[in-house]
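K.L.:
Curious how this folds, go ahead:
(2 chains)
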Amino acid sequence: MIRPAATLFCLLLCFNPLDLFAQTNDGAIPPIEKRAFETIRIAVGPAASLHAVHLDSWTADYGGAVKASTPFYFGEIELGMSILPWKSNDPVLPDFMSALIFGGWFVSTAPEKVLKASAGVRMGNYFMAFDSPQVSGERNESEFAISSFLGIRSTFWRGLEGFAEINAVRVLTTPRLDMVSVSTGVSITFDTPDWLEGILK
Amino acid sequence: MRLSPILLLMMLAAPPSVGQTTNWDAHTLSDRGTVRFSELLQTLEPMRYWSTDRYTARMVGTGMGGPHTMGPSVLLDGLPFTPRFMDRNEYEIIPVSPADVENVEFRPGFTMLSDGRFADGVFNIRTKKPTGWSVRGLVGLVNETGDPGPVKYTNPLAKNIDRSGPTSAIRASWGNRSWYLQAGLDTDAFHMTDQRIEGRVWRIFAGGVKPVVSHVSQTVRISHSSPQNSLELGGGQSSKNNFLFDELAGLEWPVTEDRKWFKGRFVHALGSNWEAGISGGYDDLKSSNLSAQIELPSALAIQDANAELRLAYATPSFSANWAVGGRHSRLEQANTGWLRSQDIVHVRSGLDWGLATKARIKVNGSLSVPRLDVSQPAAMSYVVGGEFDYEKRRMEALKMGLTLRSDRVEDVWTTLDLVESGVRFGAWAPNVISPIFDSRTESVEAFLFSSSSLGRHSMFWMDLRARRLWGLILPERTFHQVGSDVTFTSDSNFRSGRAGTVISPRIGLTFRSEASRAELSYQFIRTVADGDVVFWKHFSGLSPHHIKGSFATDPNPRLHLFASVSINNQMNWPEYPSLDRSWLPGFVQMDASISKDFWGDRLHLNISAINLLNREIVRHPAAVDEQMAIRVGVLVNFSHQTSNYP
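P.N.:
Numbering: from 1, shown residues only, chains lettered A, B, ... in the order given. The predicted structure follows:
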């Protein structure tokens, strides 16, 4: 049984909290509130499911994930979506497409390091669109989901980075759907436009 | 010395009750992330409540009146505003959203309001009145977790869990330092998809329509304030579809409640110390039934109008007020005809006298009597209270008081009055046995409040309260569960002359610094029935031991965190004799909220986890089993200034 809370706790123990306030390359320690929302990082890449509980009648195909993150007053916050198609193993049951739309918060190791590690939590809604209707005529279901994740990323050219992460997701259905998924990809970081920074702040 | 109009309006509006008041400001309240006014009231420290459905909260104040009391009344900017029907105050349809609230004051104990009605506790609500043009809105959604998801295809009997919302409140207003005009629209929806509720409602509902409790309300408000005058006017209409579980029948009621209302108050300064005011209100309720499988109570029409003249005198050390008013109520039922018309006159007075710089005495009295019986003392109802206050220094006070109340049932909004008037409830509640209504209810309540400072930021307080009641008319009823959890039948045989005592000590700690606020309290409730089984059965139902704590902090001015915990031990509902329902297990509820302001103060986003532990919570034998729920609220605000209150 995957326990997202326990997993997150173990992941967070791997991080030095002092890294949150680590020095930048020029040696200055920026005020936390000044740094908040200063940049945006957009990441995109493929995703796959490694393990799922209570979804024995379906098998996940390859999907994708996209997310945007920005520095927060402490750590970073993000918004994102990951999509996975599920093929039925039973001809009586329909295939379905799942989309997890989430918001999250995470902490990373010091930004000046070449290889950075991250850990955080996410909360969102898990939408399921089925190929055939239920008895009631409805085709869609949705439920809240929570997840914890561990990731690494490395800068290879200016604001471009490569990343990989592993997610433990719990969809709060009855019974609970517990899943482990991975995603990889590239991300680009740029300065937040003034108008958007004004809204976020 | 001249009193400011706003202060005067609040003074005239303030009910002449005694007892310790508790205040919450807008900042403290917005941290809680609630999206409904009724939800907001539930989070306040002294409030005890239960619910059968996670939507219609039966708020019972500090619990001194037992779990079936109608609950505290609401004053909205000084105007009595409590929608009532069938023994309950319908807080969920009051057209105020948490985003409207500038300040909440709660005062427990008996009092009479300017509409001539007795209240057991009062919420005094002050709303925001931004200057300039303003458009603002709140949209909220509460979704209980636990839907079956893909399992619906492998188990077609699996049911979705309750969804509550969307709830919305839109306000458009204009104001300056003198005038304020506001138009408002409120909507709400609660989807009864929980297996337990669905099982019940489909015994009654018909027509293949999904049972959704919905509410729409339109309001208009006008305020004026000048050194001489103060005016508050409001009017509107609302429609609510479907009425959830009622204990008279032990069933839901597919009914539409259409309401129209108008309230007003005008205060004029008569020199430096004297002020005069006039207030009034009109409420109109018409019920109409929706499709049902059984015979429902035929349509009811209730009209209620009231008016009061008031005179007040105030100096810094002494104030007094006198009021005289009356109300007219009318009750009619289709197929039965005109049933009742009441004319009741009332007088109220209050005295607040500063004995020394630190000590005060307050005395208040109210009396009402049917117009046709004004010469008969036996027909009178009254409430009289006295209080002594000693405030040594900030956060260090001692208060003690005593209230006496004696009244006859004379209110068309109570179920008892409907029964007495001859309302027929059809097959919905066929076994209501009419009592003989010659009983007078009497009660005496004493309290002692003490607070001590524990430093600059914290305070310890203690509130000891006891209430003795005689002559109550209470239903002797039993809810039989036939076959399954979702089937109830009840016989409501009203018995008069019931008596008993409720004792409740409360202690607590409060902490408040610039960025953080914390509250911790413990309440013990003890019911002493002296062998009166009817009283005991009716007054059981609240957890005897109740601990409530909350913590709010602002890591920075634009980020707000709030967490609360409520611990209740097991409770007994002896009206439900089945072994698995008469005793309900205790529960721990933990909630957490995070709020962030965006775009200046124009956008406010809140996400809350309710029942974070995801442990089963059952508040009532007929209630749904509550699971973890996620609440999302979005507030949009385009205003020049958030409030015109200094």
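K.L.:
Smallest gap between the stretch 501-646 of chain B and chain A, at which residue?
P.N.:
Using C-beta to the nearest C-beta, the single residue of the stretch 501-646 of chain B nearest to chain A is B:W599, 4.3 Å away. Every C-beta, even on glycine, is put in place using the N, C-alpha and C of the backbone.
K.L.:
what's the burial count for that residue?
P.N.:
16 (other C-beta atoms under 10 Å in any protein chain shown).
K.L.:
Then A:P111?
P.N.:
Quick note: A:P111 (other C-beta under 10 Å) scores 13 neighbours.
K.L.:
ok, now B:L612?
P.N.:
Count around B:L612 with other C-beta under 10 Å applied: 17.
K.L.:
what sits against it?
P.N.:
B:590-592, B:628 (C-beta atoms under 8 Å, 6 or more residues apart in numbering or on different chains).
K.L.:
do B:G63 as well
P.N.:
B:48, B:502, B:504, B:523, B:525, B:542.
K.L.:
Make sure the residue of the stretch 501-646 of chain B closest to chain A is actually in contact with A:I199.
P.N.:
Yes. The criterion here is C-beta atoms under 8 Å, and B:W599 meets it with A:I199 at 4.3 Å.
K.L.:
any idea how far B:H604 is from B:G184?
P.N.:
18 Å (C-beta to C-beta, to the nearest Å).
K.L.:
again but with B:L185, I slipped
P.N.:
Distance from B:L185 to B:H604, by C-beta to C-beta: 19 Å.
K.L.:
Repeat that for B:D31.
P.N.:
11 Å.
K.L.:
Dump the helix or strand hosting B:H268 to PDB, restricted to CA.
P.N.:
Using DSSP states H and E, B:H268 sits within strand B:251-269. What follows is strand B:251-269, C-alpha atoms only, in PDB (Å, rounded to 0.1, in the frame of the first residue of the first chain):
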ATOM      1  CA  LEU B 251     -39.100  12.600   6.500                       C
ATOM      2  CA  GLU B 252     -38.000  15.200   3.900                       C
ATOM      3  CA  TRP B 253     -40.600  17.500   2.400                       C
ATOM      4  CA  PRO B 254     -40.500  18.300  -1.300                       C
ATOM      5  CA  VAL B 255     -41.700  21.900  -0.900                       C
ATOM      6  CA  THR B 256     -41.000  25.300  -2.400                       C
ATOM      7  CA  GLU B 257     -40.800  28.200   0.100                       C
ATOM      8  CA  ASP B 258     -41.400  31.500  -1.600                       C
ATOM      9  CA  ARG B 259     -40.600  34.500   0.600                       C
ATOM     10  CA  LYS B 260     -40.900  38.300   0.300                       C
ATOM     11  CA  TRP B 261     -39.600  40.600   2.900                       C
ATOM     12  CA  PHE B 262     -39.100  44.200   3.800                       C
ATOM     13  CA  LYS B 263     -37.200  45.700   6.800                       C
ATOM     14  CA  GLY B 264     -36.500  49.200   7.800                       C
ATOM     15  CA  ARG B 265     -35.200  51.400  10.600                       C
ATOM     16  CA  PHE B 266     -34.900  55.200  10.900                       C
ATOM     17  CA  VAL B 267     -33.100  57.000  13.800                       C
ATOM     18  CA  HIS B 268     -33.200  60.700  14.400                       C
ATOM     19  CA  ALA B 269     -31.200  62.800  16.900                       C
END
